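Engineer: can't give you the sequence, but here's the structure:
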């Protein structure tokens, strides 16, 4: 398939030079570079996050995305003032 893309002049010159050194066409060089890049992205998985059970973590059921839930946890409901 043919397509048109904009590439920085210096990057394009470096790609042409690297393609010549390998005996590739510019198109083949770019295709292989894209394949490598896309394969690496698929293979990279996010790091595992530790899960703590007990200790000083949040209480079960507390929604850490809710400001109201966090405020309620930090400032327990105050009883009505006695007049």
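Structural biologist: Nice, thanks for sending it over. Given the structure is predicted, the values throughout are model-derived calculations rather than measurements. Residues are numbered from 1 along each chain as shown.
Engineer: low pLDDT regions in the chain?
Structural biologist: Applying pLDDT under 70 to the chain picks out residues 41-44, 47-59, 76-83.
Engineer: which residues of it fall in helices?
Structural biologist: In the chain, the segments counted as helices under DSSP state H are 9-22, 26-43, 67-74.
Engineer: In a markdown table: those, plus mean neighbour count and distance to residue 1.
Structural biologist: Yep, even glycine has a C-beta here, placed from its N, CA and C like the rest. Shown next, in a markdown table, are these (neighbours: other CB atoms under 10 Å; distance: least, CB to CB, whole Å):
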| stretch | mean neighbour count | distance to residue 1 |
| --- | --- | --- |
| helix 9-22 | 12 | 19 |
| helix 26-43 | 11 | 10 |
| helix 67-74 | 11 | 50 |
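Engineer: could those helices go into a markdown table alongside distance to residue 3?
Structural biologist: Output for those, formatted as a markdown table (distance: least, CB to CB, whole Å):
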| stretch | distance to residue 3 |
| --- | --- |
| helix 9-22 | 15 |
| helix 26-43 | 10 |
| helix 67-74 | 47 |
